[in-house]
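Student: build me a model from this:
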Amino acid sequence: MKQYGIRLFIACITLVPLIVITVCLEAFFLHNYFSELDLHSVERGRLIASQFAASSEYGVVSNNLQYLEDITRNVFKESDVSGAVILNSESVILSASGYTSGSIDKLLADLRYATTGKSSGVTRYGNGGLQILQPILPETVALNEFEAVPAIKPIGAVIVELSLARTEKLKSEILWYTIATTMGFLAFISLIVFLVSRSITYPITKLSNVIQKIAHGNLETRIDSTSHMSELEVLSQGINHMAEQLQEERAVLQQKVDMATSDLRNSKEKAERANKAKSQFLAAASHDLRQPLHALGLFASALNERIKFPEVRHLVDNINKSVAALEELFNSLLDISRLDAGVIQPKFQHFRIKELMGRLSTEFEAPAHLKGLDIQFEGADIVAYSDPVLLETILRNLISNAIRYTRIGEVKVAWLSEGTQICIQVRDTGMGISEEDREHIFQEFLQLNNPDRDRTKGFGLGLAIVRRLCSLLKSTIFVQSAVGTGSVFQLNIRLGDETQISNNRSLLAQHLQNEPGMLILVIDDDYSVQEAMTALLKTWGHEVIAVGSIEEALKAIKRSPDAIIADYRLKKGRTGIEAVQSIHQIWGGEIPALIVTGDSTLDLLQEAQSSGYPFMHKPVNAAKLRAFLRSSSRHRSLPS
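Tutor: Residues are numbered from 1 along each chain as shown. The predicted structure follows:
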């Protein structure tokens, strides 16, 4: 392909100027020659017409028609003459031979514009012929050479029509002869150009092919120098030398790449092993630590319901604060594990964003006012399309951080619609974030301005969870901040459709008073957890059956329980899911059940998610447990 490209280029720069010059010269000479032929035809026609008019003067004056017929026939016998006509002054045809094309009246009208008294005529091109009209003027003799000759009125006119067929045929023959000669000449020149270009392009094409092979990695290719041109010989040697050097460099580079790849593979394997070990450790430690922490939380909640003395309540409050801090840390770690495991899947729906903001406003007004901060929620009542639970988690973390790191000023949450998107911003007038720190704030356990690791300032997991949730919702979070002036966290979600919002409302209002007593079955193989759960549930006025295995549960219950709280890990490798399913087979599948676990392994999270039962991680928050029981009470009270 390259070979033809070079040859075509050489042919173009050689032949195109030659063709242009040849065509221009031939067109010029042909035009001049054809013009001379046309002029010769006109001059010959005018000469015949002039002689014809002079010869016809006597016959027209004497009205000798026989004489005029003889003159007309003699003119018609001239070569290329196709017609001859004699007219008198009244435009009456006196004699005619052959034929004339066109209208005689139009020729006579044109003749009237000719100068009277002069031997002038009219020349017109007809259909394939030439028409010459010449006036017949009487001959006059001037008696006084100093007197002006008076105007002489024509006594008639002659018309001569010449056929241009012979002239056009001659033009055509000359044109085709010229074209054939030119094509032959150009073909001969093209052959010479082809032969010359081949001798030039062949070695260049070889060089091009070798360079292409080298470019595609075939560095073993070399050029066999057979060119008689010294310049191409030098170029061939240079390319061969370049290929040798590239081959050596590639070998060295490949060796370095192999070494770097091996190091990277080893580092990746080490990181994967470390990450797997970390996950295994967290999973094992999570279960072992959550068990006593779960029991501690339940005992503390039960104790809080019974104490009467302020000094004791102060101690219990401190215990609850410590338990809450540990619970927050474990829940944050659990959220990270669940997000990494892919257990959490967004449930997109259409909802009113102002209702969500109303809940957050109620939740954060008190903490903000305790710090002397003004908190504002501003935005229109618009419909969003996202997962409201995950979005609320994102905003809760952002607002919590804004309040935590703002000493004076305000925290403002604003939202507005922009096209098909809703822009949500959380602004604060806090300490701000430097540009170099902005790149790292979404990392786990990273806290700015907290070198002492004060637990009241969080654990450094909130923004890590925010980043993962934004990725799950296919939303991007942006940060704008300046040290000393505050920060702005912005995320965009899709605009929803108001017609898609369900108008159904809950059939039962939320009860603020205590629920009626329920029979609750607790299944946990840890005796301390059984005691703590029993103490707490009895404090709330419920009847409790606490057992350690599936078999004990089946023996202990004599009537259908109102709710089941089962630990996931039971004795003999059994699970709480199996326990709930066994009880449902006997007493019906309408009994509300809650799975409680201290594990955080990926397999467990996925199994619990797919089982369809609600589950909580230890330590279970007392408020969440009470909310589950309220929900269970309403569920059992609904008519079937």
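
Student: surely Ser632 touches Met518?
Tutor: Yes: the criterion here is CB atoms under 8 Å, and Ser632 meets it with Met518 at 7.1 Å. To be clear about C-beta, it is placed using only N, CA and C from the backbone, and glycine gets the same treatment.

Student: give me the common contacts of those two.
Tutor: Common contacts of Ser632 and Met518 (CB atoms under 8 Å, 6 or more residues apart in numbering): Asp562, Ala563.

Student: more neighbours, those two?
Tutor: Taking other CB atoms under 10 Å, Ser632 and Met518 do not tie; Ser632 has more neighbours (22 against 19).

Student: where's that one relative to Ser267, distance?
Tutor: Relative to Ser267, Ser632 is positioned 51 Å away (CB to CB, to the nearest Å).

Student: in a helix, Glu578, correct?
Tutor: Yes: counting by DSSP: H, G, I helix; E, B strand; the rest coil, Glu578 is part of a helix.

Student: let me see the backbone angles for Gly589.
Tutor: phi -90, psi 10 (degrees, to the nearest 10).

Student: nope, Ser610 is what I was after
Tutor: Phi and psi for Ser610, reported as degrees, to the nearest 10, are phi -80, psi -20.

Student: any idea which helix or strand carries Gly541?
Tutor: Counting by DSSP states H and E, no helix or strand carries Gly541.

Student: wait, isn't it in contact with Gly517?
Tutor: Yes: contact between Gly541 and Gly517 holds when scored by CB under 8 Å: they sit 5.0 Å apart.

Student: of the two, which one has the most company?
Tutor: Using other CB under 10 Å as the criterion, Gly541 and Gly517 rank with Gly517 on top: 14 against 11.

Student: residues contacting that one?
Tutor: Gly541, His542, Glu543.

Student: swap in 6 Å and give it another go.
Tutor: By CB atoms under 6 Å, 6 or more residues apart in numbering, the residues touching Gly517 are Gly541, His542.

Student: could you measure from it over to Met533?
Tutor: Looking at Gly517 against Met533, where the rule is CB to CB, the gap reads 16 Å.

Student: also Ser62?
Tutor: 155 Å.

Student: neighbour count: these two, which is higher?
Tutor: The neighbour comparison of Ser62 against Met533 (other CB under 10 Å) goes to Met533, with 27 against 10.

Student: so what's that one closest to, chain neighbours aside?
Tutor: Val522 (5.0 Å; CB to CB, 6 or more residues apart in numbering).

Student: distance-wise, check that neighbour relative to Ala243.
Tutor: 81 Å.

Student: Lys169 too?
Tutor: When Lys169 is compared with Ala243 (using CB to CB), they lie 68 Å apart.

Student: likewise Ile179?
Tutor: To Ala243, Ile179 is 52 Å away according to CB to CB.

Student: who's more crowded, the two?
Tutor: Ala243 (20 against 12).

Student: the more buried one against Lys213, yeah?
Tutor: No: the criterion here is CB atoms under 6 Å, and Ala243 misses it with Lys213 at 9.1 Å.

Student: what ranges does the stretch 101-250 of the chain have for its helices?
Tutor: According to DSSP state H, counting those that start in this stretch, the stretch 101-250 of the chain carries its helices in the segments 104-111, 165-215, 230-306.

Student: what ranges in the stretch 51-200 of the chain fall below the confidence cut-off?
Tutor: 101-122, 124-128, 140-151 (pLDDT under 70).

Student: what's the local residue count around Thr221?
Tutor: 17.

Student: would you mind measuring from it to Lys213?
Tutor: 4 Å.

Student: mind listing what's buried in stretch 548-567?
Tutor: By 16 or more other CB atoms under 10 Å, the buried positions in stretch 548-567 come out as 548-550, 552-553, 557, 561-567.

Student: typed the wrong thing, it's stretch 360-372
Tutor: For stretch 360-372, by 16+ other CB under 10 Å, it's Leu360, Ser361, Phe364, Ala368.

Student: what's the closest non-adjacent residue to Thr575?
Tutor: Spatial nearest neighbour of Thr575, excluding adjacent residues (CB to CB, 6+ apart): Tyr568 at 5.6 Å.
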